[in-house]
Each structure stands twice: as C-alpha cells, then as structure tokens.
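Trainee: Generate coordinates for the sequence data below:
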Amino acid sequence: MSLIHIPSTSIEWVGLESPAPAAISSGAGATAGIDIVYINTGHTVDIRVASADTILIHKGSSGTKAGNVTLVW
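Mentor: Numbering: from 1, shown residues only. Model prediction:
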C-alpha cells in the first residue's frame, strides 16, 4: 500500500488488498473509519483512516492477533 499524506487535508492510497480475494484498493479521505486495506486473510484486521493526519490499525474480531506493520519513508 502506498499512502500520500496531505497535511490537515486527507490521506490518499493505492495498493493491493490481502488475499481471499486479492484486489486493488484505492481512495482518499479524512473521515475516521474509512477502510484503507485489510492486512490478514480473514479480513478482520485493517488499516483505517483515523483523521486527516493519522492512520489506525483496527481489529474487528475477538481474540488475539499478532503481526507487524512496517512503515517506510
């Protein structure tokens, strides 16, 4: 996933959704809760917009999930 941050305005993105099924994900927004990309095969863990300047890792199911998110800049 490639993210573009436009300070105090929005976050834009384009990239590949996780398998099952794999699909291109793209969009832009500043509203909390907008899904950017699912990062597990069960589509229960996703990266979301938290604000125009922040992203959030969200786990939508019960139970423990473990993994890594790497940011490169």
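Trainee: List the residues that contact the residue nearest the centre of the chain.
Mentor: In the chain, the centroid-proximal residue (C-alpha atoms, centre = their mean) is residue 47; its distance is 2.5 Å. Applying C-beta atoms under 8 Å, 6 or more residues apart in numbering, we find residue 47 in contact with 1, 35, 36, 37, 39, 55, 56, 57, 58, 69. C-beta here means a position set from N, CA and C on the backbone, and glycine is covered the same way.
Trainee: of those, closest to residue 20?
Mentor: Within the contacts of residue 47, proximity to residue 20 (C-beta to C-beta) peaks at residue 39, which comes in at 12.2 Å.
Trainee: For the closest one, give me its contacts.
Mentor: Contacts of residue 39 (C-beta under 8 Å, 6+ apart): 18, 45, 46, 47, 57, 67, 69.
Trainee: try residue 50
Mentor: 32, 56.
Trainee: Let me know the average pLDDT across the helix or strand that it is a member of.
Mentor: Using DSSP states H and E, residue 50 sits within strand 45-51. Mean pLDDT, strand 45-51: 95.
Trainee: mind saving the C-alpha coords of it as CSV?
Mentor: In CSV, the C-alpha atoms belonging to strand 45-51 read as follows (Å, rounded to 0.1, in the frame of the first residue of the first chain):
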residue,chain,number,x,y,z
VAL,A,45,-7.6,-6.7,10.7
ASP,A,46,-7.4,-3.5,8.7
ILE,A,47,-5.6,-0.2,8.4
ARG,A,48,-8.1,2.7,8.6
VAL,A,49,-8.1,6.5,8.4
ALA,A,50,-8.3,7.9,11.9
SER,A,51,-8.1,11.6,10.8
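Trainee: Tell me the strands beside that strand, with direction?
Mentor: Paired strands of strand 45-51, with direction, are strand 35-38 (antiparallel), strand 54-59 (antiparallel) (DSSP bridges).
Trainee: What mean pLDDT does the longest one get?
Mentor: To tie it back to what came earlier, the one meant is strand 54-59. Rounded mean pLDDT across strand 54-59 is 95.
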